[in-house]
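Novice: Build me a model:
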Amino acid sequence: MNVLFDTDVLLDVLLDREPFSASSSQVLSMAEEGSLRGYVCATSVTTIFYLGQRFQSSRHLSRSLLPAGGVAPPRQIPNMPASARLASEQNDLELGDSNFGNAGLGTKAAGRREARKHVSVLLSILEVAPVNRSVLEDATSSRIRDFEDAVVASAGKAVAADIILTRNVKDFKMSEVTVSSPAHFLAAITAGDQP
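Specialist: Presented below is the predicted three-dimensional model:
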């Protein structure tokens with residue numbers, strides 16, 4: 001099954017936005033394990049990077065998704081879920097960046113490093129749904145009102161996504177690709193239904 005993750009779902013994992021992060025993390029872990037093929041829209045990657053560099057303190061990212069027993073670098077836990085690996089990367093940065101000065105330059109540099117690490121982890125788990133001329137042309141003729149959502153839906157269509165996971169289901173109601181929230185997606189799989 002091909003699943004396109006909308007930006008909000010990935011941010012739920014990165015920022016541990018309750019009550020949504022648990023189901024979003026679970027589906028992202030399914031992509032990492034290979035039980036589904038996960039995609040991220042190219043525009044989502046740039047948005048996540050932009051927002052990621054703005055968060056300069058690990059207080060913004062969850063430690064609740066870490067494995068029991070505390071923090072361990074991802075290389076020491078080969079089966080660590082994606083969500084925990086992202087939080088672990090953040091912890092590593094907090095320890096390494098604590099000696100920067102107060103001028104703000106170190107904080108800005110730390111934010112860029114955080115963002116690069118988060119994007120690298122996501123790219124190691126998810127394929128990129130490209131945004132090219134045909135995707136943009138399709139989005140401009142879409143019946144989806146929000147252009148950013150139309151681009152995501154068109155990118156999903158271009159990679160033959162079976163479903164787009166988003167919390168913004170109502171804004172995707174005109175999508176040609178089936179849309180679901182992570183929680184409903186998991187409930188359908190648990191019930192043995194097709195999401």
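Novice: Just confirm residue 131 is within a helix.
Specialist: No. Assignment of residue 131 by DSSP: H, G, I helix; E, B strand; the rest coil gives coil, placing it outside any helix.
Novice: Now do it, the pLDDT please.
Specialist: Listed pLDDT for residue 131 reads 96.
Novice: One more: residue 84?
Specialist: On the pLDDT scale, residue 84 is placed at 54.
Novice: Mind naming the longest helix for the chain?
Specialist: Identified as the longest helix of the chain according to DSSP state H is helix 105-125.
Novice: Show me which residues of that one are buried.
Specialist: Across helix 105-125, burial judged by 16 or more other CB atoms under 10 Å covers 110-111, 113-115, 117-119, 121-122, 125. In this view, the C-beta of every residue, glycine as well, is placed from N, C-alpha and C.
Novice: which among those gets closest to residue 32?
Specialist: Using CB to CB, residue 125 comes nearest to residue 32 of the buried residues of helix 105-125, at 4.7 Å.
Novice: In terms of helices and strands, where is the nearest residue to the closest one once chain neighbours are set aside?
Specialist: Leaving aside its chain neighbours, residue 125 sits nearest to residue 32 (4.7 Å; criterion: CB to CB, 6 or more residues apart in numbering). For residue 32, the host element (DSSP states H and E) is helix 21-33.
Novice: how about the helix or strand harbouring residue 53: buried residues?
Specialist: Element membership of residue 53, judged by DSSP H and E, is helix 42-54. By neighbour count on 16+ other CB under 10 Å, the buried set for helix 42-54 is 42-45, 47-49, 51-53.
Novice: Check stretch 135-154 too.
Specialist: For stretch 135-154, by 16+ other CB under 10 Å, it's 135, 138-139, 142, 144, 148-154.
Novice: sorry, back to before: now do the helix holding residue 32 against helix 105-125: the angle between them, please.
Specialist: If you take axes from the mean of the first three to the mean of the last three CA atoms, to 10 degrees, helix 21-33 sits at 60 degrees to helix 105-125.
Novice: roughly how far is helix 21-33 from the heart of the chain?
Specialist: Distance of helix 21-33 from the chain centroid (CA atoms, centre = their mean, to the nearest Å) equals 9 Å.
Novice: what's the average pLDDT for that helix?
Specialist: For helix 21-33, mean pLDDT is 92.
Novice: Check which helices and strands it sits against.
Specialist: Applying 3 or more CB pairs under 8 Å, 6 or more residues apart in numbering; DSSP states H and E, one finds that helix 21-33 contacts strand 2-5, helix 7-15, strand 37-41, helix 82-96, helix 105-125, helix 182-190.
Novice: quick one on the thing from earlier: CA atoms only for the longest helix of the chain - export them in CSV, please.
Specialist: In CSV, the C-alpha atoms belonging to helix 105-125 read as follows (Å, rounded to 0.1, in the frame of the first residue of the first chain):
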residue,chain,number,x,y,z
LEU,A,105,24.2,32.7,16.0
GLY,A,106,24.8,29.4,17.7
THR,A,107,21.1,28.9,18.2
LYS,A,108,20.4,29.6,14.6
ALA,A,109,23.1,27.1,13.5
ALA,A,110,21.7,24.6,16.0
GLY,A,111,18.3,25.0,14.5
ARG,A,112,19.6,24.3,11.0
ARG,A,113,21.4,21.2,12.2
GLU,A,114,18.3,20.0,13.9
ALA,A,115,16.3,20.5,10.8
ARG,A,116,18.8,18.7,8.6
LYS,A,117,18.8,15.8,11.0
HIS,A,118,15.0,15.5,11.0
VAL,A,119,14.8,15.8,7.3
SER,A,120,17.5,13.1,6.9
VAL,A,121,15.7,10.7,9.1
LEU,A,122,12.4,11.3,7.3
LEU,A,123,14.1,10.8,3.9
SER,A,124,15.6,7.5,5.2
ILE,A,125,12.0,6.3,5.9
